[in-house]
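*Asks:* Below: sequence and its predicted model.
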Amino acid sequence: MSHSQEALPILVFATHNANKVRELQEMLGDRYRIQSLTDIGCHEEIVEDAATLEGNAQIKARYVVNHYGLDCFADDTGLEVDALDGAPGVLSARYAGAHGNSEANMTKLLAELNRVDATSTESRSAQFRTAICLIRGGEEHLIEGTCRGSIALQRSGAKGFGYDPVFTPGGHDRTFADMAPEEKNAISHRGRAVRAMVALLATP
């Protein structure tokens, strides 16, 4: 790390994912030094038990600010399926029970859509939504990014993670998991939310 980077203001990204941190550092350039929870020595579990994506993002960001005294942002993402009244939503990562079991989550989602007899593209409409809570200089901002699309009839593609193999973004005939990362990021919910936050951080 260069001396010039050491002098930059620190902005904590409330994640342990080094790849996410690297991506954000590239987008923000030399305005901030992005640090992960691992970087600041935060290894305790932050319980995300809010009823909304925004609430979970706020829990994580406020925890870092209150316990470590550093500016912070946190995100939470959910898949909201219209025919399932917005489910799995805030429970997306643990829809089938265990946290982060993507295969089980997708299996349950496809079964639920079959149960409500949603077989056309229109009846399988859905959106991915990312909520970001940014706390900078004591000011809290909520930022949202969405990507409309539909749930595919079956899995397709090996890239991405989570529900990517069953989500087809609007205007496309391939799932997120069929797309190269840069192609997905250009249209994804998370990409949109992050770009909005970057634009906000670029203003004095």
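*Replies:* Cool, the structure landed. Residues are numbered from 1 along each chain as shown.

*Asks:* Pull the number of nearby residues for G162.
*Replies:* The local packing of G162 (other C-beta atoms under 10 Å) involves 18 other residues. C-beta coordinates here come from the backbone N, C-alpha and C atoms, glycine included.

*Asks:* hang on, it is in a helix, isn't it?
*Replies:* No - counting by DSSP: H, G, I helix; E, B strand; the rest coil, G162 falls outside a helix, being coil.

*Asks:* wait, what's in contact with it?
*Replies:* Residues in contact with G162 (C-beta atoms under 8 Å, 6 or more residues apart in numbering) are L79, S92, A93, S102, N105.

*Asks:* Roughly how far does it sit from L110?
*Replies:* 14 Å (C-beta to C-beta, to the nearest Å).

*Asks:* Which single one of the contacts of G162 is nearest to G86?
*Replies:* L79 (9.5 Å; C-beta to C-beta).

*Asks:* That closest one pairs with what?
*Replies:* The partner list for L79 in beta bridges (DSSP bridges) reads G89, F128.

*Asks:* Which residues belonging to stretch 36-53 are considered buried?
*Replies:* S36, L37, I40, C42, I46, E48, L53 (16 or more other C-beta atoms under 10 Å).

*Asks:* One more: stretch 62-80?
*Replies:* By neighbour count with 16+ other C-beta under 10 Å, stretch 62-80 contains the buried residues 62-65, 68, 71-80.

*Asks:* Repeat that for stretch 128-142.
*Replies:* F128, R129, T130, A131, I132, C133, L134, I135, R136.

*Asks:* can you check stretch 11-31 too?
*Replies:* With burial defined by 16+ other C-beta under 10 Å, the residues of stretch 11-31 counted as buried are L11, V12, F13, A14, T15, K20, V21, E23, L24, Q25, M27, L28.

*Asks:* what stretches of this protein score poorly on pLDDT?
*Replies:* Where the chain drops to pLDDT under 70, the residues are 1-5, 204.

*Asks:* For the protein, just list every one of the strands.
*Replies:* Taking DSSP state E to define them, one finds strands in the chain at 10-13, 33-36, 72-81, 88-89, 125-136, 139-151, 167-169.

*Asks:* coming back round to it: Serialize the buried residues of stretch 36-53 to CSV and add fields for distance to T119.
*Replies:* Listed next are these as CSV, based on distance: C-beta to C-beta, whole Å:
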residue, distance to T119
S36, 43
L37, 43
I40, 48
C42, 46
I46, 40
E48, 34
L53, 28
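
*Asks:* so which of those residues would you say is closest to A7?
*Replies:* I40 (17.6 Å).

*Asks:* longest helix in this structure, by residue count?
*Replies:* helix 53-68 (DSSP state H).

*Asks:* quick one: contacts for the most centrally placed residue in the chain?
*Replies:* Closest to where the C-alpha atoms of the chain average out (C-alpha atoms, centre = their mean) is T77, at 3.9 Å. Listed by C-beta under 8 Å, 6+ apart, the contact set of T77 reads L53, S92, F128, R129, T130, A131, H189, R190.

*Asks:* again, only this time at 7 Å
*Replies:* L53, F128, R129, T130, H189, R190 (C-beta atoms under 7 Å, 6 or more residues apart in numbering).
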